[in-house]
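[1] Need the 3D shape of this:
(2 chains)
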Amino acid sequence: MKRRSFMKGLGATGSLAITGGLATPALLSGAGRAYAQGGELNVGLLFSLTGAVAVVERTLHDAALMAIEEINAAGGVAGMQLKTFIEDPASDPATYADRARRLVIRDNCVSVFGSYTSASRQAVLPVVEQRNNLYWYPTLYEGRECSRNVMYGGAVPNQQQQEFVPWLAENFGKRFFLIGNNYVYPREENNVCKMILAGLGGEAVHEEYVPLGHSDFSSVINRIRTEQPDVVFCTLVGDSDVAFARQYHAAGFDPETMPCASLTRSEVEVQAIGGEAAVGHFSSAPYFMGYQSPENEKFVQAYLSRYGADQVTHFVSEAAYFQVYQFKAAVEKLDPANITPTAIRDAAVGLTTMAPQGEVVIDANLHTHLWPKIARWKSDGQAEILVQSEARVAPDPYWAYEGETCTGEGLVRG
Amino acid sequence: MNRTNHYDFLGYVAFAIIILLGVPFLLGFDGFELNTFARYLALAMVAMALALSWGTAGLLNLGQAATFGIGSYVMAMHLKLAASTGNPGGMPDFMGWTNVEALPWFWQPFQSLSVTLLAGLLLPAAVAGLMAIFMFRGRITGVFVAIITLAFMVALQLVFIEEQRFTGGQNGLTGLAPLELPGWTVDTYSLPFYYLVAGCLIVALLVGMLVVRSKVGLVLRAIREDAARLRYLGYDVAAYETFVFCLSAAIAGWAGMLYTLVLEFASPTYMSVSFSLAIVIWCAVGGRESLVWASVGAILVNLAEGRLSDMFVEGWLLILGLLFIFFVIFLPRGLYGLAVAAMDRLRRSPRTEPPVPVKEG
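    Next up is the predicted model:
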C-alpha cells in the first residue's frame, strides 16, 4: 500500500512526457504570415477519409484533389503552385473543428475545401469566421445560412424544388408522401415542399422521419400502401436511402404510377441500390454524370481514368471539383501581394466559371447560381435527364422565410 | 501530512506547474496555439472524473460521456440564448424553423449565467444520482454497471438527436455567443482562456485527490476490493458509491461546459459510444488508479492522435488502435503501472543504499 501510494508521486514523470510530446517544432508556428509565399499558396482539404460519411466524402476529396493537381500541372494559379494540406476529420464534428484550426491557423491556408454534412460545416464555421478565412462547401444543403466566410457550391431548397415539385404534381398528382431522415436537411426541404404544394393546391398526405442510418422500412411501406400517394418525396440519405429504395422495389410499387422523387439520391446511392430497384424513379439536382457537355465529358473521363472505371461522379463531387476552379479564377483577379481569404471572396462574387453542369456564377450572397435538372434513373445506374431549366436558377437560402434575405452584407431582416 | 500524501502532492504540483508554465512556455504563451491544448485539458478533466469512480471505487461508468454531454449542452444553451436575443421572442433560430411557438420552460432558466454554471454541475450529478440510487441500492456491480450506464447514454443521445425542436438534433447547438463573465468576454483564443481551463482542471484534480486521500477514499477503495466485507462492517456501501458517482458526474459536466467553450458548439457526438469509450481508453493508457495519471493519459493520447493524424493522414486511426491493443495486453495498469514498476526496479537496484526505515505517518 505504502509503495503504491509513493509511486503516485510519479505524476511528474508523465508531465515530462507531455512536455516531450509537445517539444516538436511542427506544433510551434507563427500566425500572421503572408499567404502567398515562395511561389506557393496553401490550401486545405478537409474531407473525411474514414468513418461514417467517408464513402461519400472520399469522392469529394478525390474530385477536389484532381482539380488542384490539374491546375498545378497547367502552371498553377497566377504562376503559384497550390500546396495542398490534407486532413482526415474521421466523420466527427469535434475533429472537424480541430483539423480546421490546424489548416487555418497553423498551416496558413488561404482557403479550405471541405465537408459533406451540415453538422460538420457548422463545426468548422466558428473557426473560419473567427479567423476570417474562407470555407468552400460543395454540398447541397438546407439553406438558411448566410455566413460571409463560406462559399456554398451546392443547391439550396429553392434550386432543387421550385421546378421539380410542380413538374411532379403535373405529371403524377398532388398527393405527396414525405419521408426523410430525422435531421435538419429533410425537415427543411419538406417545409419548402409543403409550401410549394400548398400553392399548387396539393397536399402532403403524410410526413415521416426515421433516425439516420435506419434501415427497416416495413412500417413506412405499409403506410404508403394504405395512403396510396401520387409521389413519394424522399430526403433519406446514405444507407437509409439505399435500404428504402430496395424495400420499396421489393414491395412491388410501380414507379410509373407512384415514383420516388429524391433530392439526395445520386449516382453513389444508385450504385449501391442496384439498377433494377432504382430504375424509373426521379432525382432533382444540378448535375448528373450522364449530362452531355464537353466540360462534363472531360471531367468524367479524367476522374474515371484517375480513380478507376468503376467510380462515379455525382452532384456533390462535381461541385467539389468546380469550386477549386472558382477559387483559381478569383485568385487570378488579385494582386499576388494582396491575396487574403476575404480578398478572394470579394473577387469571387459575380465570377462565371464553366462547370461540368454548365456555366455557374457566384452570387453576392456567396451561394451559387446553378442549372437544376430533373432526371429519371435507368437500369445501368445512370440518369436520363428529362428536364433542364432554361436559365440558371438563383440561390435564395431564405426562400421559405418571408422577411429574411441573404445578401452581400449578410442576413437582412425586414 | 504523512509521507505518501506528500509524494502524491508532489506529483500533483509537478503536473500543475507543467500545465500552467511548461506548456504555455513551449507554445510561446500564444493563445491560438494554446487553444488546442485547452481542448486536451478539458478532455483530461473528464478522464480524471472517470478515474475517480472507476479507479477508486471500481465502478466502470461506460456512459461517462452522458454527463459530459449534459454539461456541454447546459453551457451551449446559455450561449445560444445569448446569441438569439435579436430573434423573435429571443428564441434560438432552429426553434423558429421547427415551428416551436415560444421558448420552452426548460430553456428559460439558462438565460442566467449563475443558474447555468450551477446546472452544469448539478444536473449531471442529479442524473447520475438517480441512476446510482437505482443501481447501487439494488447492489448492481461490475459489468452490469457498465452495461446500464452505456445503455442510458445511448438512450439519452437518441433523445437529444430526435428532439430536434429543443436540442438542435443531429447538428447540435451551433452559432453560439462568446461567454460573458462579469467584466470579461471570454475569447477562446486568448491566454486567459487557457488559464481558465487549466485552473479548472487543477481545482478538479485537487478536489478529487482530497476525496481519494480522505477516509471516504479509503472506504471507496475498500469497496472496490470487497464490497460485501464492508457491508458486514456496517458501512452503507450504496451511499458511498452514489456519492463518488455523483461527484464524478459533476466533474464530467464541468469538463463538458469547458469543452463547449473551446469548440464553440455542442454536438450529440459528445454523448456517443465512441467518445465514451475513448474516455475509458485514456484512463486505461494513463492508469486508472491515479487521477493525475488518467489526466496525463488523456492528454498524451490526444497529443498522439494529433501527431499521428499529421504524419499518417490515411492510417492514423489504425495505428492508434494498435497502440491501444498494446497497452491493454502489455500495460494493463497503464503508464502509471509502468512508472511504478520502473521506480520499483530503481529502488531495488544494488547501487542504491539500503533504504532508511521510514516511520509510518
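[2] show me the contacts for the most centrally placed residue in chain B.
    Nearest residue to the geometric centre of chain B (C-alpha atoms, centre = their mean): residue B:46, 0.7 Å. When contacts are counted by C-beta atoms under 8 Å, 6 or more residues apart in numbering or on different chains, residue B:46 touches B:64, B:65, B:68, B:251, B:252, B:255, B:256, B:259, B:279, B:298. The way it works is simple: take the backbone N, C-alpha and C, and place the C-beta from them, glycine included.
[3] what do you get for residue B:277?
    Contacts for residue B:277 (C-beta under 8 Å, 6+ apart) come out as residue B:62.
[4] and it, what element?
    Secondary structure from DSSP states H and E places residue B:277 in helix B:273-286.
[5] Show me what counts as buried in that helix.
    Buried residues in helix B:273-286, defined by neighbour count with 16 or more other C-beta atoms under 10 Å in any protein chain shown: B:275, B:276, B:278, B:279, B:280, B:281, B:282, B:283, B:284, B:285, B:286.
[6] what do you get for stretch A:404-414?
    Buried residues in stretch A:404-414 (16+ other C-beta under 10 Å): A:404, A:405, A:406, A:411.
[7] Report the distance from it to the chain centre.
    When C-alpha coordinates are averaged (C-alpha atoms, centre = their mean, to the nearest Å), stretch A:404-414 and its chain have centres 23 Å apart.
[8] sorry, back to before: kindly list the main-chain dihedrals of the residue nearest to the centre of chain B?
    Per-residue torsions, residue B:46: phi -70, psi -30 (degrees, to the nearest 10).
[9] Kindly report the same for residue A:210.
    Main-chain torsions, residue A:210, degrees, to the nearest 10: phi -120, psi 150.
[10] can you list the buried residues of stretch A:404-414 in JSON lines and add secondary structure and distance to residue B:197?
    Below are those laid out as JSON lines (DSSP: H, G, I helix; E, B strand; the rest coil; distance: C-beta to C-beta, whole Å):
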{"residue": "A:404", "secondary structure": "strand", "distance to residue B:197": "37"}
{"residue": "A:405", "secondary structure": "strand", "distance to residue B:197": "39"}
{"residue": "A:406", "secondary structure": "strand", "distance to residue B:197": "35"}
{"residue": "A:411", "secondary structure": "strand", "distance to residue B:197": "32"}
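[11] Output the below-cut-off pLDDT ranges for the chain.
    The chain I'm using is chain A. Scanning chain A for pLDDT under 70 picks out A:1-33.
[12] um, chain B though
    Counting by pLDDT under 70, chain B contains low-confidence ranges at B:1-7, B:349-361.
[13] quick one, phi/psi of whichever residue of the stretch 201-350 of chain A sits closest to chain B?
    Nearest residue of the stretch 201-350 of chain A to chain B: residue A:212, at 6.5 Å (C-beta to the nearest C-beta). Backbone geometry at residue A:212, expressed as degrees, to the nearest 10, gives phi -60, psi 130.
[14] That one and residue A:181 touch, don't they?
    Yes - in terms of C-beta atoms under 8 Å, residue A:212 counts as a neighbour of residue A:181; the distance is 5.0 Å.
[15] These two: which has the busier surroundings?
    A count of neighbours by other C-beta atoms under 10 Å in any protein chain shown puts residue A:181 above the other of residue A:212 and residue A:181, at 24 against 19.
[16] Which strands or helices does the top helix by length along chain B pack on?
    Longest among the helix segments of chain B by residue count, using DSSP state H, is helix B:237-263. If you count contacts as 3 or more C-beta pairs under 8 Å, 6 or more residues apart in numbering or on different chains; DSSP states H and E, helix B:237-263 packs onto helix B:31-51, helix B:57, helix B:64-83, helix B:113-137, helix B:191-213, helix B:215-232.
[17] In the fourth one, which residues are buried?
    Residues of helix B:113-137 classed as buried by neighbour count (16+ other C-beta under 10 Å): B:116-117, B:119-129, B:131-133, B:135-136.
[18] next one: stretch B:312-320
    For stretch B:312-320, a neighbour-count test (16+ other C-beta under 10 Å) marks B:315, B:316, B:317, B:320 as buried.
[19] who touches the second one in this structure?
    If I follow you right, that is residue B:316. By C-beta under 8 Å, 6+ apart, the contact list for residue B:316 reads A:88, B:305, B:308, B:309.
[20] what's the answer for the first one, then?
    When the contact criterion is C-beta under 8 Å, 6+ apart, residue B:315 has no partners at all.
[21] In space, what's closest to residue A:72 - neighbours in sequence excluded?
    Distance criterion C-beta to C-beta, 6 or more residues apart in numbering or on different chains; nearest residue to residue A:72, sequence neighbours excluded, is residue A:81 at 5.2 Å.
[22] meant to ask about residue B:115, not that
    residue B:109 (4.7 Å).
[23] Look at that neighbour and give its secondary structure.
    helix (DSSP: H, G, I helix; E, B strand; the rest coil).
[24] My guess is residue A:322 contacts residue A:151. True?
    No - here residue A:322 lies out of contact with residue A:151, judged by C-beta under 8 Å, at a distance of 11.1 Å.
[25] re the thing from before, can you lay out the helices and strands packed on helix B:237-263 as JSON lines showing distance to residue B:169?
    Shown next, in JSON lines, are those (distance: least, C-beta to C-beta, whole Å):
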{"stretch": "helix B:31-51", "distance to residue B:169": "23"}
{"stretch": "helix B:57", "distance to residue B:169": "36"}
{"stretch": "helix B:64-83", "distance to residue B:169": "12"}
{"stretch": "helix B:113-137", "distance to residue B:169": "20"}
{"stretch": "helix B:191-213", "distance to residue B:169": "28"}
{"stretch": "helix B:215-232", "distance to residue B:169": "39"}
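[26] So which bits of the stretch 51-200 of chain A are right by chain B?
    Residues of the stretch 51-200 of chain A lying close to chain B (C-beta under 8 Å from any C-beta of the partner chain) are A:86-88, A:90, A:92-94, A:97-99, A:101-102, A:105, A:117-119, A:122-123, A:125-127, A:130, A:144, A:182-184, A:187-188, A:191.
[27] Next step: those restricted to helices.
    Of these, the ones assigned to helices by DSSP H are A:93-94, A:97-99, A:101, A:118-119, A:122-123, A:125-127, A:130, A:184, A:187-188, A:191.
[28] Just the endpoints, please. Distance across stretch B:282-296?
    Start-to-end span of stretch B:282-296 (C-alpha to C-alpha, to the nearest Å) is 8 Å.
[29] And the spatially closest residue to residue B:90 that is not a sequence neighbour, how close does it get to chain A?
    Spatial nearest neighbour of residue B:90, excluding adjacent residues (C-beta to C-beta, 6+ apart): residue B:84 at 5.7 Å. Look at residue B:84 and chain A: by C-beta to the nearest C-beta, to the nearest Å, they are 13 Å apart.
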